[in-house]
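> starting from these lines, generate the structure:
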Amino acid sequence: MALGAALLWVLLPERFAVNVPIALLGWGNAPPSASEVQDRLRLPAGFSIRLYASGLRGARIVRVTHTGDLLVSLPGSGRIVLLERDTTGDGLPDARRDLLSGLNRPHGMDLYDGWLYVAETHAVGRIRFDANTRAVSGEYDHVVTGLPGGGAHWSRSVRFGPDGWMYVSVGSSCNACEEKDTRAVILRFRPDGSAREIYATGLRNTVGFDWRPGTNELYGVDMGRDFLGDDFPPCELNRIKQGKFYGWPYANGNKVPDPDFGESNQAKIKDSVAPVHGFAAHSSPLGISFLRGDKLPPPYQGAALVTLHGSWNRTEKQGYELASLHFDGSGNITERKFVTGFEGNGKVIGRPVDVAQGPDGTLFISDDFTGSVYSVVYGETGG
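Presented below is the predicted three-dimensional model:
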């Protein structure tokens, strides 16, 4: 599997090199049946899950509007799809339609000050969006251009922080290397794309990041490098601060020198910031979302949900689930299982990518393996 992935990556031109592990496992897999969802997927007591939408090939980032509609990015087809909220009580979106199309692998999205922002591979664009009428208006304009492309980790994420700045993550071009371009970083801009800054560095591929409610601390998940064994290095949760360096490619995990780049870069390793939490090696955390409001039970209020997309070249599969992270008063973090069963006995029925919370507390989970979105509700809340 690992050799095949490496060969496929080399042979495919950039426009097709979306994510080799996904390509090998396959987009276009049929979603599980309703009975399979109920038989396979397990959640904490009081929570229930169902298939909310399918036929969304390569579904990646999800964002919920203030009216409860769901936006889904489909990078492979260059589209942003809008799923109208469920008003009939059947647990399914009332309708769906393309909101934007013809984009260059659109991935990350955010809603800010009446605009819909979309992170494409080489740029960030925005267009006026009215959530009440479900309509865009005016021209789609690139406010950020010249993001480096090519190589691995093609996806770009965009989110607005509590400070009103726009944050954009740019993953590394490789598994492990010393970059010649601005990669493995989080950038920061004003909403109009001006005042570009390099906010943090040494982040191999921080696809998902979010701000902890009450503290406004920025946390991001990062994937450890490959080909150092089944159980090393751990994937990471980092508390990301401005101007800090987070170790890649010189260190892995808790400042462990990398066998290829660490020996001659001890000073950089010493000055790096270690992760605040480690996930299982190769579990591939992609999305993180802090839970807000009081629609969920107290243990989950203020917790974070993390999607573990799953390993692709490990001897035995790992990940393929959602974890919840719980912070105590001293900042200690406890990881618990939240949704499990997307993989069992080597059979995969889903690879979770992102998670977002609706205004009524409903959680939406995207799956790029079958092109599906799941909804999770607690008790009597939800659509």
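> so which bits of stretch 324-333 are buried?
For stretch 324-333, a neighbour-count test (16 or more other Cβ atoms under 10 Å) marks Ser324, Leu325, Phe327, Ile333 as buried. Yep, even glycine has a C-beta here, placed from its N, CA and C like the rest.
> nope, stretch 92-109 is what I meant
For stretch 92-109, burial by neighbour count (16+ other Cβ under 10 Å) applies to Leu92, Pro93, Arg96, Leu99, Leu100, Leu103, Asn104, Arg105, Pro106, His107, Gly108, Met109.
> widest-spaced pair of those?
Leu92 and Asn104 (30.6 Å; Cβ to Cβ).
> quick one on the thing from earlier: what is the nearest of the buried residues of stretch 92-109 to Ser284?
Using Cβ to Cβ, His107 is the member of these that sits closest to Ser284, with 15.5 Å.
> for the chain, what spans make up the helices?
All helices of the chain, identified by DSSP state H, fall at 2-11, 20-25, 34-40, 266-271.
> mean pLDDT lowest for which of those helices?
Out of the helices of the chain, helix 2-11 stands lowest, with a mean of 36 (criterion: mean pLDDT).
> okay, the buried residues of stretch 92-109 in CSV with distance to Tyr167 next?
Below are those laid out as CSV (distance: Cβ to Cβ, whole Å):
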residue, distance to Tyr167
Leu92, 33
Pro93, 29
Arg96, 29
Leu99, 22
Leu100, 21
Leu103, 20
Asn104, 20
Arg105, 19
Pro106, 17
His107, 14
Gly108, 10
Met109, 13
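> just put those residues in CSV and tack on pLDDT.
Shown next, in CSV, are the buried residues of stretch 92-109 (pLDDT from 0 to 100):
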residue, pLDDT
Leu92, 96
Pro93, 98
Arg96, 97
Leu99, 98
Leu100, 98
Leu103, 98
Asn104, 97
Arg105, 97
Pro106, 98
His107, 98
Gly108, 98
Met109, 98
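> mind checking which of those residues land in strands?
The subset of the buried residues of stretch 92-109 located in strands under the criterion DSSP state E comprises Arg96, Leu99, Leu100, Met109.
> my guess is the third one contacts Ile127. True?
So that's Leu100. Yes - counting by Cβ atoms under 8 Å, a contact exists between Leu100 and Ile127, whose distance comes to 7.1 Å.
> between the two, which contacts overlap?
Counting by Cβ atoms under 8 Å, 6 or more residues apart in numbering, the shared contacts of Leu100 and Ile127 are Leu116, Val118, Val136, Tyr140.
> out of those residues, who's nearest Gly208?
For these, the nearest to Gly208 is Val118 (16.3 Å; Cβ to Cβ).
> show me the shaky parts of the stretch 201-350 of the chain.
Within the stretch 201-350 of the chain, no stretch falls below the threshold (pLDDT under 70).
> again, 90 this time
Scanning the stretch 201-350 of the chain for pLDDT under 90 picks out the ranges 313, 329-331, 345-346.
> now do the strands in it.
Here the stretch 201-350 of the chain has its strands, by DSSP state E, counting those that start in this stretch, at 209-211, 218-222, 235-240, 251-252, 256-257, 277-279, 285-290, 304-308, 321-327, 333-339, 343-344, 347-348.
> out of the ones you listed, which one sits most buried?
Of the strands of the stretch 201-350 of the chain, the one with the most neighbours on average (mean count of other Cβ atoms under 10 Å) is strand 304-308, at a mean of 27.
> got a list of contacts for it?
Identification of contacts with strand 304-308 by Cβ under 8 Å, 6+ apart yields 208, 210, 212, 219, 221, 237, 279-280, 283-291, 319-325, 327, 338, 352-355, 363, 365.
> okay, the residue lying closest to Ser77 once chain neighbours are set aside: pLDDT?
Excluding its sequence neighbours, the residue lying closest to Ser77 (Cβ to Cβ, 6 or more residues apart in numbering) is Arg57, at 6.6 Å. If you check Arg57, the pLDDT there is 97.
> likewise Trp27?
pLDDT, read off for Trp27, is 55.
> same question for Pro13.
The predicted local confidence for Pro13 is 34.
> again with Thr182
Value for Thr182, per-residue pLDDT: 96.
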